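Visitor: Here is my input; please provide its structure:
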Amino acid sequence: MARFKSSSVDFLLSSLGLPLFLLDIVLDVLAAVNFYQEGSYVCLGVLLLLLMGSSVLAQLYSWLWYKYDEFKMHTEVEEHLKPSMTSLHVFQLGVYVRHAGVFETSLRSCFVLSSRAGDYAKFLSHDLAMLRLIETFSESAPQIVLMLTAILQEGRLDLLTVLKTVGSMSAVAFCVTTYHRCLRSFLTDKKTQNLFSSFIFFLWNLLLLFPRLVALSLFASVLPYFIFAHVFCSWLVLFFFAWRSKTEMMDCTFGRWLFRATVGLIWYFSWFNVAEGRTRKKTLLYHGYILADISILCGLWYWRMTTDPPVLFNVTPLHAAVTATSVVGVYILGLFLKTIYYNFFHPNVQKDELKGGASETLQSNGGSLQPADEVDFTSVMTQTDSEEGSPGMMRTSEVNAHGVTSRCLPNQSEHYNKRMRRLAENFYT
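Guide: Residues are numbered from 1 along each chain as shown. Predicted coordinates:
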């Protein structure tokens, strides 16, 4: 079975996850205090709603995934906290346990000679990458809109507001990068993408995401109360299409509906694949919808700026036209780069070419390769706590009828993240 190796770059990204997570919380508190001191109670209320809603959503996903995995713990820190895992999630602390677990396994895979630590590090980091993605589009992206709207309405650049906006943008960029690296980890060595293709991937995502955020901010700065109606109506449309796409990532009915609702929220800002099969038509339909929406939002902003401009932020009609056109133009440029990426850099593979899954565990039988689950095996379980340094990790030595020995785990879910692998199938196949 192919290994998920944890590189020094992966260890660095995993190690930076918790400090950046804590820094974002500090900046959230400072932003809330700033809104309170300035008397911006509407912005304060929206910010608190985003913070609480995003935290509850992330903790709910984290607890559901622990439940789906039957609360099997793969690190010592998780094992010690297992009896109070539900309470930790209720008090919004469960995600911190995941961060600590990723740091522990990443540290072990880099500095301890272990054949399994890298697999467990990837398993845990995959779930954490998906949680970051959910948090980014339920908290960070809306906060960017909120901060930019405040800047536009007040007509001034506040240092704390700018700091929070830059921090949120960095969190979005970091999330996109780590999520993409997690998807790439399922590619075989022959299909692994180079750094330049990753940069192109990151760049077109950036060019598509930020025009969307700017357009929403421009619209909210002149029609602040209509932005809530826009969010709700757009989410309903996108939620409907997420339902029709038959997204089946979660393992229970409640989880599937929750995931579809979350997909609708993410699609409000950015596209990502969530269903099997060819998605070219769906992608074209989505980007056409978002491009039309951005054009309408920028058009409405230009109309208000030329007919009834705000007192604190007044621009000439020419500057307003250039701004609105530039926002739409940047989005079109992002679509162009995305087309280049998919034509020249994106690897298209079959499901059985991805790491993870029983089809990968191949055995030698008379000079031919056969799937392991098609061969008669006798399994001998041996405890490897001394080798692995983590409780409950088991090694299986399997001998087939021809005397060929292989090593794999009977429970494949302990070595690859089936949730992230399903998303990798949607993205690469």
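
Visitor: what about the strands in the chain?
Guide: Ranges of strands within the chain are 362-365, 368-371, 377-383, 394-400, 405-407, based on DSSP state E.

Visitor: Pick out the shakiest of these, pLDDT-wise.
Guide: If you rank the strands of the chain by mean pLDDT, strand 377-383 sits at the bottom with a mean of 33.

Visitor: what's the nearest residue to residue 127 if we skip its chain neighbours?
Guide: Take residue 127 and drop its neighbours on the chain: the residue closest to it by CB to CB, 6 or more residues apart in numbering is residue 65, 5.7 Å away. From N, CA and C alone the C-beta is placed, and that goes for glycine too.

Visitor: And residue 97, how far from residue 427?
Guide: 28 Å (CB to CB, to the nearest Å).

Visitor: who has more neighbours, the two?
Guide: residue 97 (22 against 18; other CB atoms under 10 Å).

Visitor: so where do the helices sit in the stretch 201-350 of the chain?
Guide: Using DSSP state H, counting those that start in this stretch, the helices found in the stretch 201-350 of the chain span residues 226-244, 253-267, 280-307, 317-344.

Visitor: Return the most buried member of those.
Guide: Across these, averaging neighbours per residue (mean count of other CB atoms under 10 Å) puts helix 253-267 on top, at a mean of 18.

Visitor: So what touches that helix?
Guide: 57, 60-61, 64, 68, 133-134, 137-138, 235-236, 238-243, 245, 247-250, 272, 274, 286 (CB atoms under 8 Å, 6 or more residues apart in numbering).

Visitor: Please export the C-alpha coordinates of stretch 257-266 as CSV.
Guide: Extracted C-alpha coordinates of stretch 257-266, given in CSV (Å, rounded to 0.1, in the frame of the first residue of the first chain):
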residue,chain,number,x,y,z
TRP,A,257,-28.0,17.8,4.9
LEU,A,258,-25.5,19.7,7.1
PHE,A,259,-22.8,19.3,4.5
ARG,A,260,-25.1,20.4,1.7
ALA,A,261,-26.0,23.5,3.6
THR,A,262,-22.3,24.1,4.2
VAL,A,263,-21.5,23.6,0.5
GLY,A,264,-24.1,26.3,-0.3
LEU,A,265,-22.3,28.6,2.0
ILE,A,266,-18.8,27.9,0.5
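
Visitor: What number of residues are in the vicinity of residue 71?
Guide: For residue 71, the count of nearby residues is 13 (other CB under 10 Å).

Visitor: Ramachandran angles for it?
Guide: phi 50, psi 40 (degrees, to the nearest 10).

Visitor: Same question for residue 225.
Guide: Dihedral angles (degrees, to the nearest 10) for residue 225: phi -80, psi -20.

Visitor: Endpoints of stretch 77-91, how far apart?
Guide: 18 Å (CA to CA, to the nearest Å).

Visitor: Hmm, residue 217 is touching residue 143, no?
Guide: No: using CB atoms under 8 Å, residue 217 is not in contact with residue 143; the gap is 11.1 Å.
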